[in-house]
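In: quick check, what structure comes out for this input:
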Amino acid sequence: MWWRLSRADWNRGKGDGNRQAFRKLVRAGAQPGVLAYAEGEPVGWCAIAPRSDYPRLSGSRILQRVDDQPVWSVSCFFVARSFRRKGLSGKLLEAAVDFARSKGAHIAEGYPHDGKKPTADAFVYTGLASIFRKAGFKEVARRSKTRPIMRISRELH
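Out: Okay, here's the model as predicted:
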């Protein structure tokens with residue numbers, strides 16, 4: 001819900017309020033991303049939706065729009081600790097792009113971390129640039145040393 005709400009609304013709903021808001025979104029029929037399962041249990045998540053669903057991106061000087069193209073934004077990953085560093089983020093990213101294509105998207109965009117030194121897992125929730133590169137994304141803008149804007153564009157049909 002972080003990217004979907006203003007900071008004030010996020011803070012007001014912190015914890016259970018934001019969880020309830022997300023449940024309400026899903027129950028209303030929204031499909032805000034893709035899940036990965038292992039033995040019937042969810043172990044990973046990648047959020048992807050039209051950029052317009054994430055108003056907080058527009059307020060960011062680093063992540064503001066590159067152009068007026070309609071894009072779907074990859075905004076967040078979560079991978080269970082025991083499944084990290086096993087390639088699951090890359091698989092989630094590929095599934096997210098496929099999902100966006102199935103909904104009519106032509107461009108997917110991400111905002112991964114691209115630091116040169118190892119970073120704590122908690123600070124790479126938007127993904128790592130190396131994973132995006134491996135999936136075919138190309139850097140299209142960089143307004144921060146560690147946060148590129150990367151895109152992939154493929155015809156759907």
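
In: give me the number of residues near residue 99?
Out: By other CB atoms under 10 Å, 18 other residues sit near residue 99. C-beta coordinates here come from the backbone N, C-alpha and C atoms, glycine included.

In: what does the one 3 residues further on give?
Out: Other residues lying near residue 102 total 10 when counted by other CB under 10 Å.

In: now it: how far from residue 108?
Out: For residue 102, the distance to residue 108 equals 12 Å [CB to CB, to the nearest Å].

In: let me see the domain layout of this structure.
Out: 1-30, 35-153 (automatic domain parsing).

In: CSV for these, including mean pLDDT?
Out: Shown next, in CSV, are those (pLDDT from 0 to 100):
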stretch, mean pLDDT
domain 1-30, 87
domain 35-153, 93
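
In: for this structure, which helix is longest?
Out: helix 88-102 (DSSP state H).

In: other residues contacting that helix?
Out: 31, 33-34, 36, 43-48, 72, 74, 77, 79, 108, 110, 127-128, 131-132, 134-135, 152, 154, 156 (CB atoms under 8 Å, 6 or more residues apart in numbering).
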